[in-house]
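Engineer: here is the input, now give the coordinates:
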Amino acid sequence: MNAAIANLLSIVLFFVIFYFLFIRPQQKRQRAIQQMQANLKKGDKIVTIGGLHGIIDSVDEDKIIVRAGDGTRLTFDRSAVREVVAESKA
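Structural biologist: As a prediction, this is how the structure comes out:
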């Protein structure tokens with residue numbers, strides 16, 4: 001009986017450690033990314049998942065228009081933004 005309880009406790013302990021080392025940090029990162037994408041605004045300098053650097057020209061509910069270095073305007077989903085490089089003072 002004690003061996004069964006010890007085995008059960010070791011399995012539970014394994015899942016608790018797994019949760020705190022892998023699952024919880026990933027959830028925090030995902031929430032931070034979603035918040036950053038929700039707070040995008042015109043003038044933000046961004047980098048997309050594909051590596052394109054540009055400045056947000058306009059923001060829609062689920063899409064953004066990015067102005068690239070040569071003035072080209074490209075349309076992306078908000079979820080395509082990896083990071084905001086620097087906030088504009090515009």
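Engineer: now name the helix or strand holding Q27.
Structural biologist: helix 24-38 (DSSP states H and E).
Engineer: do I64 as well
Structural biologist: strand 63-67.
Engineer: compute the inter-axis angle for that strand and helix 24-38.
Structural biologist: 70 degrees (axes from the mean of the first three to the mean of the last three Cα atoms, to 10 degrees).
Engineer: toward the C-terminus, what is the element adjacent to strand 63-67?
Structural biologist: strand 73-77.
Engineer: circling back to that earlier point, what comes up buried for the strand holding I64?
Structural biologist: Buried residues in strand 63-67, counted by 16 or more other Cβ atoms under 10 Å: I64, V66. (Glycine included, C-beta is placed from N, CA and C.)
Engineer: before we move on, back to that, show me what the helix holding Q27 is packed up against.
Structural biologist: strand 81-86 (3 or more Cβ pairs under 8 Å, 6 or more residues apart in numbering; DSSP states H and E).
Engineer: ok, now which ones touch the residue nearest the centre of the chain?
Structural biologist: Nearest residue to the geometric centre of the chain (Cα atoms, centre = their mean): I33, 2.4 Å. Listed by Cβ atoms under 8 Å, 6 or more residues apart in numbering, the contact set of I33 is empty.
Engineer: average model confidence for the helix holding Q27?
Structural biologist: What helix 24-38 shows for mean pLDDT is 95.
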